[in-house]
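Asker: Need a 3D model of the sequence below.
(3 chains)
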Amino acid sequence: MRHVGIVAAGAFLVLLLVAALFPGLLAGGDPTATDPVATFLPPDSVHLFGTDQLGRDVFTRVVHGARHSLAIGAAATVGGLLIAVVWGLLAALSGRFGDAVLMRVADALLALPGLLLALLVVLITGKGVVGATLAVAVGIAPGFARVVRAQALVVRRSGYVEAAIGLGVPRPLVVLRHVLPNTFGPLLVLATVTLGVSISTGAALSYLGLGAQPPTPEWGAMLTESQGFLHLAWWAALFPGLLLVLTVIAVTVAGRHAQNRSEGRYAS
Amino acid sequence: MSLVEAADLDVRFAAGRVHAVRGASVRLEAGRCLALVGESGSGKSALARSLLGLAGPTATVTAAELRVAGEDAREFGPRDWRRVRGRHVGLVSQDALVALDPLRPIGAEITESLLAHRTVPRSRARERVVGLLTRVGVPDPEERARQYVHQLSGGLRQRALIASAIAAEPGILIADEPTTALDAAVQARVLALLAELKEQGTGLLLISHDLAVVEALADEVAVMRHGVIVETGPTDRVLEEPRHAYTKELLAAVPGSRPRTGRGRPPEGEPLLDVTGVVKRFAGRTAVAGVDFTLRPGETLGLVGESGSGKTTLARVVLGMARPDEGTVLLDGEPWSGVPERARRARRHTIQLVPQDPLSAVDPRWPVARVVGEALAATGVPRAERADRTAVLLERVGLTADLLGRRPAALSGGQRQRVAIARALATKPRLLVCDEPVSALDVSVQAQVLDLLRRLQEELGLATLFISHDLAVVREVCDRVMVMKDGVVVESGPVEEVFAGPAHPYTRSLLDAVPRRVRAALEPPNNALPASLS
Amino acid sequence: MRGALARLVSAALVVWAAATCAFLVLQLIPGDPVYAVVGSDALVSEEQHERIRAEYGLDQPLVVQYLNYVARLATFRFGDSYQLQQPVATVLADQLWPTVQLALAATALAPLLAVLVAVATSGRRNWPRRVAAAVELVVVSTPSFWLGIMLLTIFSFRLGWLPVSETGGVASLVLPTITLALPIAAVLTQVMREGLLAALDQPFAVTARARGVPETAVRYRHALRHSALPALTMAGWFTGTLLGGAVIVENVFARPGIGRVTLQAVGDRDLPVVQGVVALSAVVFVAVSVLVDVLYAVVDPRLRRKTGVQAI
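Answerer: Below is the predicted model:
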């Protein structure tokens, strides 16, 4: 049962990756090509997912959209993680004062809803894919930074770090050999789990008109466009969202799998 | 009349793949105590729980006979079991701090037992709760009933747990390691309470790995190993004339039953470690309040005290892991405390720790070879020689080379402790600090690790600071002993003198708390009781 | 008493720090804020430009601007909106009630759903748990904007059961509430079920069973309370999701409210309004944390002394 889920998630992710890298393989058409006589066509054998208000093929757009949605989510996760690692490690390894300042800043940012923080970033960067990516990254960074710091502190006070100090291993080496790797392991797992959230938040920003702009076939942006015509063409809203949901599910399943495996490795 | 009787009982877990109890037979009678003895994983808890129908949702219990309160329990459904639990068979488990619901007042917990079987009307429950708490010796019962588990001391907690177990007046009480989580002095008082209940007619099933506890309470002993009861008999007979090889092995491993290696007189020579007036405070609390001692090469000093007495803090100061607020530590005549870490680093190899919990003391990602290799590298052993040296070290601590590639999680507790010892030896230390090095291990493994430590001390002439709460272990390996209480050394001297004639009342109370058979071993041979454990 | 005072001070500090972060962030915005007032296409004379700068205090040094900002914040005056030409406090106050309605409805629905589902699926049998876990995974993975759009499509456009947009009635609150509450409920359910199962594995649950207490009573009397503790640690996340979710839900269902105002202010670069929203949500966050501290102490007696909250 569990294996079926992981295999299905894996297969879907592979398909998604193909769609992101070589969309032409799955859908040969032009995602932005309009056709004034073929608007609002329901799904059939020619247009698998139907057509939208401009006569564009929804299937082609959904396939080509994978690239944008995945890229925002992945880049934001990596970016957020990088900010958080520097932030959290600085806090954990600097003295009491530095720790207090860095963590109070994180607390202050955590007091704001993640989406509001992202909106603030968009204010600075302006609308667009880069802005949205940065916004999502900044939105997840403070929470991550807390995790990094907590984990680094646990590792720093652990018996094996004390043992290494007791052996006379110089401090930078102890950090490099023990603190960093043991902090990173759990973090990478957390990152896979967060990837789904990032993809979803990125799409939300695009939906709100702050990320990818029409006519880019980004899933969130497609939903905004389709929302005015829900009574005429439900399919134009159903499929981009469905793909988004499936993507997040697949990423989450894969992330949890990684989490279980890594916990299994550390368990006695 | 037997209140609980099981014959040929089997417990299987995980769809039969784990056979936890095989063909066990037990009889529990009013006013008698049967002890189940065995090491962890021997199946003693599974056997006990199956008598309550609580072996767990994944367990399958089969038996030729299983009678509880005169009924055939093999036919019991959930409802029947509920009728029996608490009313006919009660359970007291190890640690009251977690065995009583921490979110409810203890009065509510005891009331729950009363009301589950409607032994008293709700209106009289409060009065009964006070009565029960009084019976188990809890002072101010009315006030205590309103308190939560975390507000009570270890001993009172355990009494409250016992009160909740006997509330519905069960004929049989299953006591699963009832005193293991307690300090020695408290342990003795809880044992006395259980003995009193037995006198009043309650039948006991005592589960313990501690033979001293068993001896104090049990009329009969059943020794378990790998799910099988290998020997049963009256307590005195089993402990004095064990028949089964495993029982003999178990008895031989009990600390205090083995010959002493410690010497009475300190060795000659300049002190290796010189601790003067050390004080260490944490946020207003003084953990160590002015301690002086010296340790000479080859000498073993025992440090004894209950939890919170400051032993571990003192050890951290000695190890150079905590900076004393006052006082000095000299290592080999040179300042060791109060100098920058850089100055200490080159000399750190002189002094090494053998930890209580070796699992947390080794990097979980690293295989054994790398753990030991790091220590060798730290003392400047060239890379090319490390593999050979690691092999020698492993052999020295009694491990085989096939463990080199294993991660700590894949080792047993005893193996992990040996790896930690090998790592400590890799730096060629002159002083070992052993912080409760065997308290997390089963007795037979404990004995092996102690043997190893003793052998290494002799072969390498190591000085040792040996921290333990177990007086018998200290007696076995130490030359001198220091007794610590509230951050102060209240008594110190050669082991035999201190144990034979304790001067300080606290030392006396520690010794009084040790059950008779072990105490006999603690006393000098000339006035020991007749050789009961020869 | 002293604990309460310390809490108040730290609460004020969090609000101040969040507002300061917002102030600093907004200084990074490229471009002249004057154009945010008059519109980016407007032609402004030099003189008008100066007047507008003076009017909004933009001509003063940054430190003075910051001190003014803090002073206004402390007295709940956020200045005038660039776009709406009225005090920010008025703008927010006007839009507060619809959002509060929505948030309260979701706050009532999500925990209720979570407790019911968690208790119902923490039993000995495996299959209800598996089904619930699968449903939760799908719900958690569903972005609220799409959930809202789909609910609209089905219940408003297809079935015609519920109004498409805000009508002021209760009916128009149903879909937004569900959209906001479902994903939160799914996460809470997971946390509570794990808490329940963990508690049922604890020694005290064994003790309770050994007293002859029925399994359902063990679950309700003992385990449920324990499962509330991990759920309470989610409160910060809960608040954030609620406020962030309001932005999206109000947009999907074309409801008035703080979320809509926020989005509009971001789009128009209406900085005073943005600052007001930041301060407001920091205050809400702090208020929720204080409430949660109290709840903690109510649930867990071990925390009572530490938090200074007395037993109830």
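
Asker: Contact residues of the stretch 101-250 of chain A facing chain B?
Answerer: A:158-160, A:162-171, A:177-178, A:181-182, A:185 (C-beta under 8 Å from any C-beta of the partner chain). For the C-beta atoms, the positions are set from N, CA and C on the backbone; glycine is no exception.

Asker: Would you list the buried entries among those?
Answerer: A:158-160, A:162-169, A:177-178, A:182, A:185 (16 or more other C-beta atoms under 10 Å in any protein chain shown).

Asker: Need the max-distance pair from these.
Answerer: A:Gly168 and A:Gly185 (25.8 Å; C-beta to C-beta).

Asker: Run a quick neighbour tally on the residue in the stretch 401-534 of chain B that chain C sits nearest to.
Answerer: Chain C sits closest to B:Ala440 of the stretch 401-534 of chain B, with a gap of 19.1 Å, by C-beta to the nearest C-beta. As a burial measure, B:Ala440 scores 17 neighbours (other C-beta atoms under 10 Å in any protein chain shown).

Asker: a helix runs through it, doesn't it?
Answerer: No - B:Ala440 is assigned coil when assessed by DSSP: H, G, I helix; E, B strand; the rest coil, not a helix.

Asker: Give the residue spans of the stretch 1-150 of chain A that score low on pLDDT.
Answerer: Scanning the stretch 1-150 of chain A for pLDDT under 70 picks out A:1-2.

Asker: switch to 80 and redo it
Answerer: Judged by pLDDT under 80, the stretch 1-150 of chain A has its weakly predicted residues at A:1-3, A:24-36, A:38-41, A:45-48, A:52-55, A:95.

Asker: List the residues that contact C:Pro128.
Answerer: C:120-121 (C-beta atoms under 8 Å, 6 or more residues apart in numbering or on different chains).

Asker: in the stretch 201-350 of chain B, which spans are helices?
Answerer: For the stretch 201-350 of chain B, the helices defined by DSSP state H, counting those that start in this stretch occupy B:211-217, B:235-240, B:245-253, B:311-318, B:341-345.

Asker: Return the distance of the first one from the chain's centre.
Answerer: Spelled out, it's helix B:211-217. Mean-position distance between helix B:211-217 and its chain equals 14 Å (C-alpha atoms, centre = their mean, to the nearest Å).

Asker: ditto for the last one
Answerer: The gap between where helix B:341-345 is centred and where its chain is centred comes out at 36 Å by C-alpha atoms, centre = their mean.

Asker: Just give me the longest helix of the chain.
Answerer: Using chain A here. helix A:58-93 (DSSP state H).

Asker: You answered for a different chain; I wanted chain C.
Answerer: Under DSSP H, chain C gives helix C:88-120 as its longest helix.

Asker: That helix: how far from the chain's middle?
Answerer: So, by C-alpha atoms, centre = their mean, the centroid of helix C:88-120 is 8 Å from its chain's centroid.

Asker: repeat for stretch B:15-27
Answerer: That offset, for stretch B:15-27, works out to 26 Å (C-alpha atoms, centre = their mean).

Asker: coming back round to it: of the residues of the stretch 101-250 of chain A next to chain B, list those near chain C.
Answerer: Okay, of those, nothing touches chain C (C-beta under 8 Å from any C-beta).

Asker: Keep only those of the residues you listed that are in helices.
Answerer: A:159-160, A:162-166, A:171, A:181-182, A:185.

Asker: pLDDT value on the residue nearest to the spatial centre of chain B, please?
Answerer: Central residue check for chain B by C-alpha atoms, centre = their mean: the C-alpha nearest the mean position is that of B:Ser439, 5.3 Å away. B:Ser439 is assigned 79 on the pLDDT scale.

Asker: how about the closest residue to it other than its chain neighbours, what does it touch?
Answerer: Spatial nearest neighbour of B:Ser439, chain neighbours left out: B:Gln356 (6.2 Å); criterion: C-beta to C-beta, 6 or more residues apart in numbering or on different chains. B:Gln356 is in contact with B:435-437, B:439-440, counting by C-beta under 8 Å, 6+ apart.

Asker: For the residue nearest to the centre of chain B, list the residues it contacts.
Answerer: B:356, B:468-470.

Asker: Test my guess that B:Cys33 contacts B:Asp219.
Answerer: Yes - taking contacts as C-beta atoms under 8 Å, B:Cys33 lies within contact range of B:Asp219: 5.2 Å.

Asker: Comparing the two, which shows the higher neighbour count?
Answerer: Of the pair B:Cys33 and B:Asp219, B:Cys33 is the one with more neighbours under other C-beta under 10 Å, namely 25 against 16.

Asker: Is the more buried one bridged to anything, and to what?
Answerer: B:Leu204 (DSSP bridges).

Asker: any idea how far B:Leu204 is from it?
Answerer: According to C-beta to C-beta, to the nearest Å, B:Cys33 stands 4 Å off from B:Leu204.

Asker: anything in contact with each of the two?
Answerer: Both B:Cys33 and B:Leu204 are in contact with B:198, B:217-218, where contact means C-beta under 8 Å, 6+ apart.

Asker: which one of these is nearest C:Pro87?
Answerer: For the shared contacts of B:Cys33 and B:Leu204, the nearest to C:Pro87 is B:Leu217 (78.5 Å; C-beta to C-beta).

Asker: which residues does the closest one contact?
Answerer: By C-beta under 8 Å, 6+ apart, B:Leu217 lies in contact with B:33, B:35, B:191, B:194-195, B:198, B:204, B:206.

Asker: which one of the residues you listed is nearest A:Phe12?
Answerer: B:Leu206 (57.0 Å).

Asker: since we're on that closest one, how many residues are nearby?
Answerer: Neighbours of B:Leu206 (other C-beta under 10 Å): 30.

Asker: and if you look at the one 5 residues further on?
Answerer: B:Leu211 is surrounded by 27 other residues when neighbours are defined as other C-beta under 10 Å.

Asker: Now stretch B:374-383: buried residues?
Answerer: Buried residues in stretch B:374-383 (16+ other C-beta under 10 Å): B:374-379, B:381.
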